[in-house]
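[1] just to be clear, the model below is a prediction. Sequence and coordinates:
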Amino acid sequence: MRIFLRWIFLSTLLVLPVEGEPLSLFVGSTIVAGFGYLGYVKEWHKMILECYGERRDLRNIEERLTTNFREKLFGQHLAVPILVNVVLQHKRNQRPRKALTLALHGITGTGKNYASSIIADALFDRGMGSRNVHLINGNLHNDDPAFINAFKADLFNWIKGNISTCGDSLFIFDEVDKLPVQVIDVIKPFVDHNTKIEGLDPKRAIFMFLSNTGSERINRHTLEHNQKQKSRESIPIIEIERIVQEAAFNQGDGGFKESALISHHLIDYFVPFLPLTREHVILCIKEYASRENIKLSQENIEAVASSLVYFPRNDPVFASSGCKQIEEKVNLFRFLPSYEL
């Protein structure tokens, strides 16, 4: 074992991954020095074992994806089949041409983050708690050029380090529309076709980009469909995907707009999340109550659903915040029975 560990250390140039938000990467470089020779090797070896030991087998991944999407995510008949099939296809492929890139677009509360957590849970035993799942929030709260340049360098090394220890890593970029374009372009080498970075092969990794960009156009298209007396489920995926793709390239000042990921066609799938109806909200309420073992009467459920805001104002059909506020509303009803929703 000692010989094996020494061989790993001497033959591999690695950047030790740092868990947590990229904002912490400014201090991450000091960690390697602190480990010392043996400590570094043991830590790296532990990470390798966790990567391969925590991955679920393909059959388990398929079962979890299918079951959890069916039982926990509602109203996304376009998004779910795409996500299930492309993730399984990527995991089945022993030699993918590139890392899988998924852009999830829709208003708050439609299930983008929930879908990401379902995928994480399907891939790894510890789900979102796995050190192979990396969640990054795009709201940097700092547009200083010096900060951005430092962030870009640290983000590049952070991604490279995490892929070094687990090629099957899952990266989730939340609020990607708030990231400056130059930061987004740092990701390009990791998701390009047939790429290797200093001998590192990132093609088995999955990158998910969550964004509100295009949500207004998605809502408008869905509403127009509804006003024509057509069912929400009859919306063609091709129509919505085109709307999302155009919005991603042209809308806003950050995120994908004019980024290399768009101009080089490196986003594999644009996944639309449609606005949710009252029926879907009620399903969310029931699912949460069941999960938390909360007993609600049908009257209680209807009261929680009615407490949300729906649009458009003249003909309220879709929930403005989707299912995002469900937990808080149910908990108020649970802990304060006299509370009037």
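    Yes, it's here.
[2] low-scoring stretches of this structure, by residue?
    Low-confidence segments of the chain (pLDDT under 70): 1-50, 252-255, 336-341.
[3] can you list the residue ranges for helices in it?
    For the chain, the helices defined by DSSP state H occupy 2-11, 29-54, 58-72, 79-92, 112-123, 145-165, 181-184, 188-191, 215-227, 237-250, 260-263, 278-291, 298-306, 326-335.
[4] which stretch among these comes nearest Glu175?
    helix 112-123 (10.1 Å; C-beta to C-beta). (C-beta placed from N, C-alpha, C; glycine too.)
[5] tell me which other helices or strands the closest one touches.
    The elements that helix 112-123 packs onto, with contact taken as 3 or more C-beta pairs under 8 Å, 6 or more residues apart in numbering; DSSP states H and E, are helix 58-72, helix 79-92, strand 100-105, strand 170-174, strand 206-211.
[6] could I get those as JSON lines with distance to Asn293 and mean neighbour count?
    Formatted as JSON lines, the entries for the helices and strands packed on helix 112-123 read as follows, by distance: least, C-beta to C-beta, whole Å; neighbours: other C-beta atoms under 10 Å:
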{"stretch": "helix 58-72", "distance to Asn293": "16", "mean neighbour count": "15"}
{"stretch": "helix 79-92", "distance to Asn293": "26", "mean neighbour count": "18"}
{"stretch": "strand 100-105", "distance to Asn293": "30", "mean neighbour count": "25"}
{"stretch": "strand 170-174", "distance to Asn293": "29", "mean neighbour count": "23"}
{"stretch": "strand 206-211", "distance to Asn293": "30", "mean neighbour count": "26"}
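[7] circling back: Gly129 is nearest to which of the helices of the chain?
    helix 112-123 (8.7 Å).
[8] so that closest one versus strand 206-211, what angle?
    170 degrees (axes from the mean of the first three to the mean of the last three C-alpha atoms, to 10 degrees).
[9] for Leu135, see how far away Asn102 is.
    One correction, residue 102 is Leu, not Asn. The spacing between Leu102 and Leu135, counted by C-beta to C-beta, to the nearest Å, is 14 Å.
[10] no wait, Gly167
    Distance of Gly167 to Leu135, given as C-beta to C-beta: 19 Å.
[11] same thing with Phe273?
    18 Å.
[12] the two: which is more packed in?
    Neighbours were counted for Phe273 and for Leu135 using other C-beta atoms under 10 Å; Phe273 has more, 28 against 18.
[13] how about the contacts made by that one?
    Applying C-beta atoms under 8 Å, 6 or more residues apart in numbering, we find Phe273 in contact with Gln76, Ala79, Leu104, His105, Gly106, Ile107, Thr110, Gly111, Lys112, Ala115, Ile218.
[14] for the residues you listed, pick the one with the most neighbours.
    Thr110 (32 neighbours).
[15] doesn't His280 make contact with it?
    No. Counting by C-beta atoms under 8 Å, Thr110 stays clear of His280, with 9.1 Å between them.
[16] any common contacting residues for these two?
    Residues touching both Thr110 and His280 (C-beta under 8 Å, 6+ apart): Gly75, Gly322, Cys323.
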